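[1] Any chance you can model this:
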Amino acid sequence: MRHSVNWRRGTWRIRTQGHGLRITGAVLGVLGFVPLAVVTSTSAPAGASPAPITIAYVTSVTGEGAAEDATSPAGFEARLDLQNAEGGVHGHKLVPLIIDDQTNPSAIATAVQEADSKAFAIVSQSPLFFLASKYPEQAGIPVTGSYSDGPEWGTQPNTNMFAADNGSVDPKYPVNTEAGIIFKRFGGTQLGTYGYGISPSSSRAAIQTAQSFEHAGGKAPIINTTIPFGSNQFGSIALTAKQDGINAIAPEMDSNSNYALAEALKEAGVKLKAAVYATGYEPDVINSPAWSAVQGGYFLSLFRPWLIPNAGTEQMQAAMEKYAHFTKSDFPSFSQYEAWAGADLMIQGLEGAGSNPTHASVIHALRSIKSYNANGLLPQSFNYSTNFGHNPAKTCSWVVQADATGFKMAAPQPICGTDIPGTATASS
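    Numbers count the residues shown, from 1 in each chain. A predicted model of the protein is given here:
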């Protein structure tokens, strides 16, 4: 569930590789032990070293979302480690604090309030942050991260929030042409879209994608926005898809559900011309039971794939190899990209706030950034001085395809679309 069509959420399949979640002091703090050096003061006596700055990272370390996000702190911590190796921010060491939302609507408020009390700033990669965004807003705490959980990233009074992956959000969720362009390009004619009922981003993405395809001249007989969160039971849904002649799918869910749907469709004998997955472009799926079911499918990447290196991918790859124990053949999951970008944007805000940052000065510095693209990891740049409450002028995704040997680029350049004027799938 991400993007202007909100195609988003990473993989639910827990990594078994060496670059999985590191058990740092910050993580131990989440699990009930004393966290490392939790310091929120940023001033220091004359002649003393600048005080450390603690940045909280809120994500799903446990619960249903853990299979997707439990390894994402590796991206967050690697970006902070890289910054610390370069001297920190104006001499301030950056201290990570990983806070678990437990993928639990009842626990997210406690998690965010813990972040408010123990850290200077927050990076969010939580599917539930929209349920607790009022706490950092009321406390005036700067927040960066992934916009995919809900519309609060572009809704008043949350001007303390800055989406590192989309700039901001139009809370009306207008229909975007990108999905229609992609499905028409790869041959789909009869589309089924699927989303979680509990998630505003997931359900809106399913609706938007269907309407985008219809705008492009296709048909969307199935728009199912009633899927239980994290579901992997799709037998009857696959049979319905076969009966309705579906030959293209847009599963706007987490990867465990997306893959389970693909497997059910294959078992039901559904022949897909264009299966487009918003996430799942990562090493783990290649060795998973779902790999055969997704062969030939297309995977979107909001962030530049390491298959086509530039300065941004090379910087991230070097840091992930050094600090997160990646091998030369590894590449990041979607949530690790998100964690890296959220940390990177927060660092830019801290740098712009000067040697003695305050919450207000960091928020002001972030709002003053007029061109941000995560050092080239994103296909377009965001102007935070003007974009609050708006989608980017265009939305773009790189597209890779799964084949027998792994992933390959399906298109040399990102495929882009624009919002269709006058459309909305939610009231603001």
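[2] C-alpha from now on. contacts and neighbour counts both.
    Will do.
[3] Just give the number of residues close to residue 224.
    17 (other CA atoms under 10 Å).
[4] Leaving out sequence neighbours, find the closest residue to it.
    In this structure, residue 224 finds its nearest non-sequential neighbour in residue 194, 4.8 Å apart by CA to CA, 6 or more residues apart in numbering.
[5] Tell me, what's the model's pLDDT at the one you found?
    Residue 194 is assigned 97 on the pLDDT scale.
[6] Equivalent analysis for residue 229, please.
    For residue 229, pLDDT reads 84.
[7] what about it, helix or strand, and which?
    In this structure, residue 229 sits in neither a helix nor a strand according to DSSP states H and E.
[8] part of a strand, is the residue nearest to residue 224?
    Yes: counting by DSSP: H, G, I helix; E, B strand; the rest coil, residue 194 is part of a strand.
[9] And the helices in this protein?
    With DSSP state H, the ranges of helices along the chain come out as 25-30, 66-69, 73-85, 108-118, 134-139, 178-185, 200-215, 235-243, 255-268, 283-286, 291-294, 311-323, 334-352, 359-367.
[10] So for the third one, mean pLDDT?
    This points to helix 73-85. 98.
[11] and what of the first one?
    Along helix 25-30, the predicted confidence averages to a pLDDT of 35.
[12] show me the contacts for the closest residue to residue 387 other than its chain neighbours.
    With CA to CA, 6+ apart as the criterion, residue 387 has its nearest non-adjacent residue at 6.1 Å, and that residue is residue 168. Residue 168 makes contact with 147, 153-154, 162, 384, 387-392, according to CA atoms under 8 Å, 6 or more residues apart in numbering.
[13] Neighbours of residue 194, how many?
    Quick note: residue 194 (other CA under 10 Å) scores 28 neighbours.
[14] correction: residue 421
    9.
[15] now it: how far from residue 150?
    21 Å (CA to CA, to the nearest Å).
[16] So this protein: which segments form each domain?
    25-171+308-367, 178-305+395-417 (automatic domain parsing).
[17] Among these, single out whichever gets nearest to residue 379.
    Checking the domains of the chain against residue 379 by CA to CA gives domain 178-305+395-417 as the closest, at 6.4 Å.
[18] re the thing from before, okay, and which of the contacts of residue 168 map to strands?
    If you go by DSSP state E, the contacts of residue 168 have residue 162 in strands.
[19] Adding neighbour count and pLDDT, write the contacts of residue 168 out as TSV.
    Putting the contacts of residue 168 into TSV (neighbours: other CA atoms under 10 Å; pLDDT from 0 to 100) gives the following:
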residue	neighbour count	pLDDT
147	32	93
153	31	97
154	25	96
162	29	98
384	20	98
387	20	96
388	23	97
389	21	96
390	19	96
391	24	94
392	22	94
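[20] What's the local residue count around residue 184?
    Neighbours around residue 184, by other CA under 10 Å: 16.
[21] wait, what's in contact with it?
    With CA under 8 Å, 6+ apart, residue 184 has these contacts: 213, 216, 218.
[22] so which of these is the most crowded?
    residue 213 (26 neighbours).
[23] Please report how far it lies from residue 169.
    Going from residue 213 to residue 169 by CA to CA gives 21 Å.
[24] same deal with residue 239?
    Distance, residue 239 to residue 169, by CA to CA: 36 Å.
[25] When these two are compared, which one has more neighbours?
    residue 169 (27 against 16).
[26] what's near enough to touch that one?
    So residue 169 contacts 4, 147, 151-155, 388-391 (CA under 8 Å, 6+ apart).
[27] Which pair in the residues you listed has the greatest spatial separation?
    Farthest pair in these, by CA to CA: 4 and 155, 15.1 Å.
[28] who's more crowded, the two?
    More crowded of residue 4 and residue 155, by other CA under 10 Å: residue 4, with 33 against 19.
[29] what's the nearest residue to residue 189 if we skip its chain neighbours?
    Once flanking residues are discounted, residue 189 sits nearest to residue 218: 5.4 Å by CA to CA, 6+ apart.
[30] Check residue 227 too.
    Using CA to CA, 6+ apart, the nearest residue to residue 227 is residue 196, at 4.6 Å.
[31] Kindly provide the distance from the one you found to residue 150.
    13 Å.
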